[in-house]
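Engineer: Structure, please.
(one chain, ligands or ions: 2)
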Amino acid sequence: MIPEFDFADIEKGTPETLSELSKAAREVGFLTISNTPITPARMGLVLAMYRAFFELPEDQKQRVNMAVTGANRGWGAPKSEQVDPNANPDYKEVYDSGFALPEGAEFSDLAVYAPNRWPDLPEGFETVISAYYRDAMAVARVLLRGLANALGQDDGYFDQHFDRPMALLRGNYYPERPDWAGEKDFGIAAHTDYGCLTLLGTDGVAGLEVLSGDDTWVPVSAKPGTFVINFGEMLEFWTEGQVKATLHRVKGTSETRISVPLFFNPNYETNVAPKGSDPIIAGEHLGKRFAETYLHMKAG
Ligand SMILES: O=C(O)CCC(=O)C(=O)O
Ligand SMILES: [Fe+2]
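Structural biologist: Residues are numbered from 1 along each chain as shown. Ligands and ions are numbered 1, 2, ... in the order given. Below you'll find the model as predicted:
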C-alpha cells in the first residue's frame, strides 16, 4: 500500500527507482525509506533525548514555552495547535527548532526563521538535536534531488532554493489517548503538511494514518531508522498538482508515542506557484499556515 524504498537506490537514481518514486509521489504522496546514513541506534538516541525533555516537570518546559516567546520555537503545550478547524486543538505536545538566520539578516525577525529556544535540560539536548537537524537535512536533500529527477528535472530544480531553508524539526509527543477524548479529539487531527518534503522518524509505535484514494485511513508505521516521507502543500503547488500533499492524522492509542518530523521547507522568497499563476511566496504561505494553526499566533 505505502511504497518502500532503499535510500541507496534513490541516491543511485536508476530509471526503475525514479519511475517508482514518481509513481509514489503522484499516486500516494507517502512512502517509506530505509538504509539512510541515520542508523537505528542514532535515531534511538534522538528519540530518547526528546522523551527525556517531554518527561521533565512542566515548570521546566514552561521556560521554553513558545506561547511566552511568541515565536514558534521551543515547547508547544498540549492544545497549542489546531491543524483542523473542524476538530478540537490537538492533544499532542511538541518541541520545535529550526533554521536561524543571523540577527539582522533579511527576514531574520520572522517566525519562520526565529532563533531557537534550547532548554537547559536534558543535558546534551541542543548538541544531539542540532546534529540530527543537520544530518536529517542532508538526507532530505538527497530525496528532493531524486524526486526532481523522477519528475524529469535536473538535480538543482528544487534544491537551489534550499540554501536558507525554513526547515523545522519537531518532536511530537503523544500521551496515551485521554479518557475524555471524543470524536473531535486527536493527537494530531487530519491535515496536509505545509512545505515540500517531510522526513519523519518514529519510535515504531502505531498511530499514523494516511487517507487513501478510496477514502479509507491506512495505518503506516516505521521502526526507528526507517523513515516515512510525505509531501506538502508547497510541493503540490510547485509541481502543478503532480505531487500529492496527502491528508494524515494520529488518533492515538493506549501507548505513548514519539515522532520526529523534519519539515523541509525552501528559502523564504521562493515562488512555489504553478507556472503561469500568481506568485505564492513560500515564506508567506508558511507564515499564513502557522498563523492559522498555532493558537498563540492566531489573529484576533
Ligand atoms: O506523528 C506522526 O506520525 C505524524 C505527525 C505529523 O503529521 C506532523 O507533525 O505533521
Ligand atoms: Fe503532518
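Engineer: C-alpha only now, for contacts and for neighbours.
Structural biologist: Noted.
Engineer: who's in contact with the residue lying closest to residue 267 once chain neighbours are set aside?
Structural biologist: Excluding the flanking residues, the one nearest residue 267 by CA to CA, 6 or more residues apart in numbering is residue 165, at 4.5 Å. The contact partners of residue 165, by CA atoms under 8 Å, 6 or more residues apart in numbering, come to 99, 264, 265, 266, 267, 268.
Engineer: mind running it again at 10 Å?
Structural biologist: Applying CA atoms under 10 Å, 6 or more residues apart in numbering to residue 165 gives the contacts 98-101, 112-113, 137, 159, 263-268, 270, 283.
Engineer: Can you say which of those are buried?
Structural biologist: Buried subset of these (neighbour count, 16 or more other CA atoms under 10 Å): 98-101, 112-113, 137, 159, 263-268, 270, 283.
Engineer: re earlier: among the contacts of residue 165, name the ones in strands.
Structural biologist: Among the contacts of residue 165, the members found in strands (DSSP state E) are 98, 263, 264.
Engineer: Looking at strand pairing, list the partners for the second one.
Structural biologist: Applying DSSP bridges to residue 263 yields these beta-bridge partners: residue 168, residue 198.
Engineer: And it, how far from residue 21?
Structural biologist: From residue 263 across to residue 21, the span is 19 Å (CA to CA, to the nearest Å).
Engineer: again, but for the last one
Structural biologist: Taking CA to CA as the measure, residue 264 and residue 21 are separated by 18 Å.
Engineer: what do you get for residue 216?
Structural biologist: Using CA to CA, residue 216 is found at 22 Å from residue 21.
Engineer: Likewise for residue 146?
Structural biologist: For residue 146, the distance to residue 21 - CA to CA - is 8 Å.
Engineer: who touches both of the two?
Structural biologist: 10, 13.
Engineer: Show me what stretch 142-152 is in contact with.
Structural biologist: 7, 9-23, 25-26, 33, 137-138, 140-141, 153-160, 196-197, 199, 229, 239, 242-243, 264.
Engineer: Can you go through the residues you listed and name the buried ones?
Structural biologist: Counted by 16+ other CA under 10 Å, those give 7, 10, 13, 17-19, 21-23, 25-26, 33, 137, 140-141, 155, 158-159, 196-197, 199, 229, 239, 242-243, 264 as buried.
Engineer: For the worst-scoring helix or strand of the chain on mean pLDDT, name the packing helices and strands.
Structural biologist: The helix or strand of the chain with the lowest confidence, counting by mean pLDDT, DSSP states H and E, is helix 66-69 at a mean of 86. Helix 66-69 sits against strand 74-76, strand 93-98, with contacts defined as 3 or more CA pairs under 10 Å, 6 or more residues apart in numbering; DSSP states H and E.
Engineer: Restricting to C-alpha, output the last one in CSV.
Structural biologist: Included here for strand 93-98 are C-alpha records, laid out as CSV according to Å, rounded to 0.1, in the frame of the first residue of the first chain:
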residue,chain,number,x,y,z
GLU,A,93,2.9,18.3,22.8
VAL,A,94,5.7,19.5,20.6
TYR,A,95,9.2,20.8,20.7
ASP,A,96,10.3,22.9,17.6
SER,A,97,13.7,24.0,16.5
GLY,A,98,14.8,25.2,13.1
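Engineer: in its sheet, what does that strand sit against?
Structural biologist: With DSSP bridges as the test, strand 93-98 pairs up with strand 74-76 (antiparallel), strand 168-174 (antiparallel).
Engineer: what's the most buried one of these?
Structural biologist: Of these, the one with the most neighbours on average (mean count of other CA atoms under 10 Å) is strand 74-76, at a mean of 27.
Engineer: ok, residues contacting that strand?
Structural biologist: Contact with strand 74-76 is made by 53-54, 61-69, 92-98, 115-119, 170-172, 294-296, as judged by CA under 10 Å, 6+ apart.
Engineer: what about 6 Å?
Structural biologist: 64, 65, 66, 93, 94, 95, 96, 117 (CA atoms under 6 Å, 6 or more residues apart in numbering).
Engineer: and the two most separated of those?
Structural biologist: 93 and 117 (15.7 Å; CA to CA).
Engineer: what distance separates the start and the end of stretch 238-246?
Structural biologist: End to end - CA to CA - stretch 238-246 spans 15 Å.
Engineer: Let me know whether that stretch sits next to ligand 1.
Structural biologist: No - judged by CA under 6 Å from any ligand atom, stretch 238-246 stays clear of ligand 1, getting no closer than 10.2 Å.
Engineer: what's the spacing between that stretch and its chain's center?
Structural biologist: Offset of stretch 238-246 from its chain centre (CA atoms, centre = their mean, to the nearest Å): 17 Å.
Engineer: Understood, closing this out.
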